[in-house]
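Trainee: quick one: sequence plus predicted model below, questions after.
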Amino acid sequence: MQVSEILPSLDGLAPYLHEFQKGLLAHTASSLPLLTRLTQYYVTQPSKRLRPCLIFLMCQATNGLGVDWAVKVREAQGFATNDCTNSPEILPSQIRLAQVIEMMHVASLMHDDVIDNAETRRGAPSAPTVFGNHSAVLGGDFVVSRAMALTATLGSPEVMILVSKAFCTLVEGELLQSGGIQNHSGPADAFRFDADFLYCTFRVPPDDIALATMWEDYICKTYMKTACLFSCALQCSVILGGAGNEECWRKMALLYGHRLGMAFQLVDDLLDFTGDPGKLGKPANADLSLGIATAPVLFALEEDESIREFVLRRFGEPGDVQKTIERVKNTGALRRTRELAELYADKARQTLSILPESAAKCALSDLAAAILVRQN
Ligand code: FPP
Ligand code: MG
Ligand code: MG
């Protein structure tokens, strides 16, 4: 499902998405036809295209706000002018940034489907199902390498560093989720905001140290495996457009991406319990089967202590998964997870308030609401 099916106002992005897709195919092509089939497998499937849409909207909402816009346009057009009347709405480097971020996303899915042993994705057999685990891992590596080479052409060492850091954070988040890292120190600033959310708004019991630690790990890894890439993408969009030299625009983009990314992943974790596998296009109840306790389980734990033993053994005994699903559904956990996602989406929308009024600003705001009602 394209994101424009959720939000018709995104139709105006069609020409940019067309150029984006053309470049994506070029950047993921190899001289080996089999490798090209593999690296382009997820790239050519219908998808929401959420990340490129967000990047293009953030570019439309912020290009021209910084004092450097004229310079950026001049660089892009290759000739000297102080006249911005013919300026492009979105710079070529920003379209390439969208390709870099999508390539990172696609590579991470190729690896993720190996790690999660996922048979399906986007309503079709997953890349490892079609090509095998070894090929899916190597295909992901190929796409990551191409993405890094493309990042080097964006003309900003800072963007290169931010993108590389986001790569590292994705890996750390995935390891944290699988229990492979203990005693981590998460991303401090981003996390402090989340801790306020949890303890003040949601009253996660701070006296239950074990549960509080599980929440901290969950929020931290959710930022690292998902929200971090949104946050990086939108911050880099603003930097490439020149508005990033002003702290307020950069921070707005970063926080919007962070909060929207958290809401997105919370909905993903909710859909794992409530989604229809036919609409999801991937297996439901996958998290519990992989031993992962997400927000619905953590909220349920507050009401039903009997779930704790299942969490502690990572749902490893026969019947644990089914019993946990039933008990989670008998509590208010699914409603509370949705409310937490809504709160993040609201906070994302509030971040936009400093932007001048524009159609792109409205669409960014609408998108934060639209991801809450998505079915896949
Ligand atoms: C999907 O989560 C997976 C991610 C959001 C990140 C996966 C990251 C890695 C495998 C690290 C390697 C990164 C790169 C760039 C190669 P999910 O399994 O909860 O969601 P799903 O239901 O869509 O599979
Ligand atoms: Mg997965
Ligand atoms: Mg996974």
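Mentor: Cool, the structure landed. Ligands and ions are numbered 1, 2, ... in the order given.
Trainee: please enumerate the strands of the stretch 51-200 of the chain.
Mentor: Assigned by DSSP state E, counting those that start in this stretch, the stretch 51-200 of the chain shows strands spanning 120-121, 124-125.
Trainee: and among those strands, the most buried is which?
Mentor: strand 120-121 (a mean of 20; mean count of other C-beta atoms under 10 Å). For the C-beta atoms, the positions are set from N, CA and C on the backbone; glycine is no exception.
Trainee: so what strands line up beside it?
Mentor: strand 124-125 (antiparallel) (DSSP bridges).
Trainee: give me the contacts around the strand it pairs with.
Mentor: Outside strand 124-125, the residues that touch it by C-beta atoms under 8 Å, 6 or more residues apart in numbering are 45, 119, 281.
Trainee: I'd guessed the second one sits against residue 283; true?
Mentor: Yes. Proximity of residue 119 to residue 283 meets the contact threshold set by C-beta atoms under 8 Å, at 6.8 Å.
Trainee: who has more neighbours out of these two?
Mentor: Between residue 119 and residue 283, counting by other C-beta atoms under 10 Å, residue 283 is the more crowded of the two (18 against 12).
Trainee: mind listing what that one touches?
Mentor: Residue 283 is in contact with 118, 119, 120, 277, counting by C-beta under 8 Å, 6+ apart.
Trainee: mind putting those into CSV with distance to ligand 1 and pLDDT?
Mentor: Formatted as CSV, those follow (distance: C-beta to the nearest ligand atom, whole Å; pLDDT from 0 to 100):
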residue, distance to ligand 1, pLDDT
118, 6, 93
119, 11, 93
120, 10, 92
277, 11, 75
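Trainee: let's have those residues in TSV, adding distance to ligand 2.
Mentor: Shown next, in TSV, are the contacts of residue 283 (distance: C-beta to the ion, whole Å):
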residue	distance to ligand 2
118	5
119	11
120	11
277	14
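Trainee: got JSON lines for those, with distance to residue 94 too?
Mentor: As requested, the contacts of residue 283 are exported to JSON lines (distance: C-beta to C-beta, whole Å):
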{"residue": "118", "distance to residue 94": "32"}
{"residue": "119", "distance to residue 94": "36"}
{"residue": "120", "distance to residue 94": "33"}
{"residue": "277", "distance to residue 94": "36"}
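Trainee: which one of these is nearest to residue 365?
Mentor: Among the contacts of residue 283, residue 277 lies closest to residue 365 (C-beta to C-beta), at 31.1 Å.
Trainee: please report how far that closest one lies from residue 285.
Mentor: Residue 277 sits at a distance of 9 Å from residue 285 (criterion: C-beta to C-beta, to the nearest Å).
Trainee: now residue 250
Mentor: Relative to residue 285, and taking C-beta to C-beta, residue 250 is found at 39 Å.
Trainee: so those two - more neighbours on which side?
Mentor: Taking other C-beta under 10 Å, residue 250 and residue 285 do not tie; residue 250 has more neighbours (19 against 16).
Trainee: next, find the distance separating residue 89 from residue 246.
Mentor: Counting by C-beta to C-beta, the gap from residue 89 to residue 246 is 20 Å.
Trainee: doesn't residue 172 make contact with residue 224?
Mentor: Yes. Residue 224 lies in contact with residue 172 (C-beta under 8 Å); the separation is 5.5 Å.
Trainee: out of these two, which sits in the busier spot?
Mentor: Taking neighbours as other C-beta under 10 Å, residue 224 and residue 172 compare with residue 224 leading, 26 against 20.
Trainee: got a list of what residue 108 touches?
Mentor: Contacts of residue 108 by C-beta under 8 Å, 6+ apart are 140, 170, 174, 229.
Trainee: likewise for residue 313?
Mentor: Counting by C-beta under 8 Å, 6+ apart, residue 313 has contacts residue 320.
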